[in-house]
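A.B. asks: Here's my sequence, what's the structure:
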Amino acid sequence: MGNDLLMEPVESRTIWTLIETVHAVTYFSPECIEARREQGFKGFWMGYFGSRAAPMGSVGPGVATAAFAGFDPAMVRKSLPDAWTWCSPDDAVEGRAAAAAAALRTAWKASGSEDELSDLAEQVLDPLSHAAELADPSGRALFASNADLMPFDDPVADMWQLCTTLREHRGDGHVAVLVSEGLSGCEPHIIAAARSGIDPDRLREVRGWPELEWKEATRTLAGAGLITADGDLTERGIRFRDHIEKRTDGLAAPPYVQLGQSGRASMCSTLMPIVEAVVTTGWIPYPNPTGLPKPEIPDPEIPNAEPQD
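C.D. replies: Model prediction:
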């Protein structure tokens, strides 16, 4: 194997922060939230579950609960299958891509760039498509169902969809790791909250878990020596969390290996100004329930800068 094809698994996490930022406009941008309302979904969470599950067809709450993982089943049942009486899966798929493309264009216009967003999108379609084609769909229901959706008639929508497809690939792998490590329900969220700094009560609410179940899971994790009585990670808990992330990185890496180091670098550099435009809008809070960290945006060089008094 040539040096150009060598890849450290952790590099897949760096790529994820970029594609996840592009994808995340569907959750956080006002345009996408409003678009789901206009499609007929009743409330934010019906729109979330309906639009995210739509690539799998008119599935019921059991399938969505299993595929998404981490949500209280009762919360999912409030939205599915009722969502399909208001918006069909096909319409949801089309609508979410169009809304995401519109949101990305809004962010891009606000950035003041003179470049055309469609041109950048077209440049990055090839490596993103290649990575998606190389990814193994085995056991990855969300990835596989999203991979069947291309193409749309808009390169920006296609770029968003490919970022979504690849982030679901990583997400499916992450769920597999959690299951293999014996974590279920709200336990991963408790560990994530202890590490990320997000308010655990806020995370519990957005995942729908009753307070009693959350407390019981907290006691279980404390009994396993993973968190303290105050809810902080122990040294063992930190090692366990890092172990989960490393395994997730490893499972997410294969689609990108064959792009080569230069191909990955080119893909990331093309995505970076789009990511920066999204971050600058302020739509995505940090920390956030998705666990997405704020991407490291390189400081622009200022030519001929004069020292300030």
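A.B. asks: so where is the stretch 51-200 of the chain shaky, pLDDT-wise?
C.D. replies: Within the stretch 51-200 of the chain, no range satisfies pLDDT under 70.
A.B. asks: in it, which spans are strands?
C.D. replies: With DSSP state E, counting those that start in this stretch applied, the stretch 51-200 of the chain shows no strands anywhere along its length.
A.B. asks: for the chain, what's the longest helix?
C.D. replies: When every helix of the chain is counted residue by residue (DSSP state H), the longest turns out to be helix 155-180.
A.B. asks: Give me the buried positions along it.
C.D. replies: 155-178 (16 or more other C-beta atoms under 10 Å). For every residue, glycine as well, the C-beta is placed using N, CA and C.
A.B. asks: Likewise for stretch 69-82?
C.D. replies: The neighbour-count check on stretch 69-82 (16+ other C-beta under 10 Å) flags 69-72, 75-81 as buried.
A.B. asks: Was I right to think Leu128 contacts Met159?
C.D. replies: Yes - Leu128 lies in contact with Met159 (C-beta atoms under 8 Å); the separation is 6.8 Å.
A.B. asks: what stretches of the stretch 201-309 of the chain score poorly on pLDDT?
C.D. replies: Counting by pLDDT under 70, the stretch 201-309 of the chain contains low-confidence ranges at 298-309.
A.B. asks: can you pull out the helices in it?
C.D. replies: When assigned using DSSP state H, counting those that start in this stretch, the helices of the stretch 201-309 of the chain occupy the ranges 211-223, 235-252, 254-257, 260-281.
A.B. asks: just checking, which of those helices sits deepest inside the structure?
C.D. replies: Among the helices of the stretch 201-309 of the chain, the stretch with the highest mean neighbour count (mean count of other C-beta atoms under 10 Å) is helix 254-257, at a mean of 20.
A.B. asks: which strands and helices sit next to it?
C.D. replies: Here helix 254-257 touches helix 11-23, helix 117-134, going by 3 or more C-beta pairs under 8 Å, 6 or more residues apart in numbering; DSSP states H and E.
A.B. asks: one more time with 10 Å, if that's ok
C.D. replies: Secondary-structure packing of helix 254-257 (3 or more C-beta pairs under 10 Å, 6 or more residues apart in numbering; DSSP states H and E): helix 11-23, helix 117-134, helix 155-180, helix 260-281.
A.B. asks: Now these in CSV, please, with extra columns for distance to Pro55.
C.D. replies: Shown next, in CSV, are these (distance: least, C-beta to C-beta, whole Å):
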stretch, distance to Pro55
helix 11-23, 13
helix 117-134, 13
helix 155-180, 9
helix 260-281, 22
